[in-house]
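In: Just a sequence and a predicted model for now, questions to come.
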Amino acid sequence: MDQARSRQRKTIEALLDGYGSLSVPQLLMTMSADFHHQVLPESLGMAARNRESFAQHAAGIFSIFDEFRMVPKSIVLDGPENMAMVHARMQGILKGGAGDWINECVMMIQLSTDGTQVLKVTEFVDSAKALEMARKHAPDDFGVNYRGMDGGRQKRGDGHVMVGSKSINLLFGLGITQVFLVIILLYLTGGVLF
């Protein structure tokens with residue numbers, strides 16, 4: 001491996017270790033002064049963050065974990081373009097006996113020309129797990145736009161399904177339609193279906 005790729009890989013590994021440290025200063029060590037972070041898909045409604053707002057976001061997320069690790073499943077480096085792609089398993093133990101947290105992400109990482117700093121991270125996350133995190137565990141300023149996803153926000157820890165979600169409304173409508181059809185069939189057949 002040439003020196004440039006080796007530097008890039010060390011920077012990526014330091015970034016992943018920074019997440020696992022649960023220390024905002026350590027996480028920020030690899031990030032440039034003009035660092036930017038974006039969580040995708042856009043349907044989550046999470047705003048792009050600069051270094052300062054990312055640090056605040058990370059502090060909130062770190063506060064809910066006793067342990068956390070980013071375990072890379074694969075790392076692809078594109079040396080000439082100073083880009084890296086990481087597919088990682090995110091695993092941790094939530095505070096307060098809330099259990100294990102297992103998720104995965106794909107991060108596209110833009111590195112500085114010398115490969116020693118992270119300029120930008122575009123992170124694709126599991127939408128369902130992001131919503132679960134926001135509903136049950138994350139700080140209030142987590143940043144997920146619930147309105148676009150399921151019609152509203154559940155109260156933290158509430159295990160009930162949202163009444164306002166489109167899928168629940170559709171299922172409810174189909175159920176009511178079936179009940180009416182059965183009543184009509186019973187009426188038309190004089191109560192005898194067979």
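Out: Thanks, I have the structure now.
In: what's the weakest-modelled helix or strand in the protein?
Out: In the chain, no helix or strand scores lower on mean pLDDT, DSSP states H and E than helix 147-150, which sits at a mean of 46.
In: can you pull out the helices in the chain?
Out: Using DSSP state H, the helices of the chain run over 3-21, 24-28, 51-62, 127-136, 147-150, 166-188.
In: Which of those helices has the lowest mean pLDDT?
Out: Mean pLDDT values for the helices of the chain show the minimum at helix 147-150, a mean of 46.
In: contacting residues around the closest residue to residue 59 other than its chain neighbours?
Out: Excluding the flanking residues, the one nearest residue 59 by CB to CB, 6 or more residues apart in numbering is residue 24, at 5.1 Å. Just so you know, the C-beta spots here come from the backbone N, C-alpha and C atoms, and that holds for glycine as well. Residue 24 makes contact with 55, 58, 59, 62 under the criterion CB atoms under 8 Å, 6 or more residues apart in numbering.
In: so the first one touches residue 29, yeah?
Out: No: in this structure, residue 55 is not within contact of residue 29 by CB atoms under 8 Å, at 11.6 Å.
In: For the spatially closest residue to residue 16 that is not a sequence neighbour, give its distance to residue 135.
Out: Excluding its sequence neighbours, the residue lying closest to residue 16 (CB to CB, 6+ apart) is residue 70, at 4.3 Å. Residue 70 sits 22 Å away from residue 135, going by CB to CB, to the nearest Å.
In: Ok, residue 28 next?
Out: Using CB to CB, residue 28 is found at 28 Å from residue 135.
In: Likewise for residue 122?
Out: Taking CB to CB, one finds residue 122 at 24 Å from residue 135.
In: what's the answer for residue 44, then?
Out: Distance from residue 44 to residue 135, by CB to CB: 13 Å.
In: Could you do residue 98 as well?
Out: Counting by CB to CB, the gap from residue 98 to residue 135 is 12 Å.
In: the more surrounded of these two?
Out: residue 135 (20 against 14; other CB atoms under 10 Å).
In: Please list all residues in contact with residue 8.
Out: 77, 79, 82, 84, 111, 115.
In: Do I have it right that the fourth one meets residue 72?
Out: Spelled out, it's residue 84. No: using CB under 8 Å, residue 84 makes no contact with residue 72, being 10.2 Å away.
In: what about those two, which has more around it?
Out: residue 84 (24 against 13).
In: Next up, the contacts around the nearest residue to that one once chain neighbours are set aside.
Out: Distances taken as CB to CB, 6+ apart place residue 109 nearest to residue 84, at 4.4 Å, with adjacent residues excluded. Under the criterion of CB under 8 Å, 6+ apart, the neighbours of residue 109 are 12, 15, 83, 84, 85, 86, 118, 120, 121, 122.
In: Quick check, the first one in contact with residue 84.
Out: What it means is residue 12. Yes: here residue 12 reaches residue 84: they are 5.1 Å apart, a contact under CB under 8 Å.
In: Done for today, thanks.
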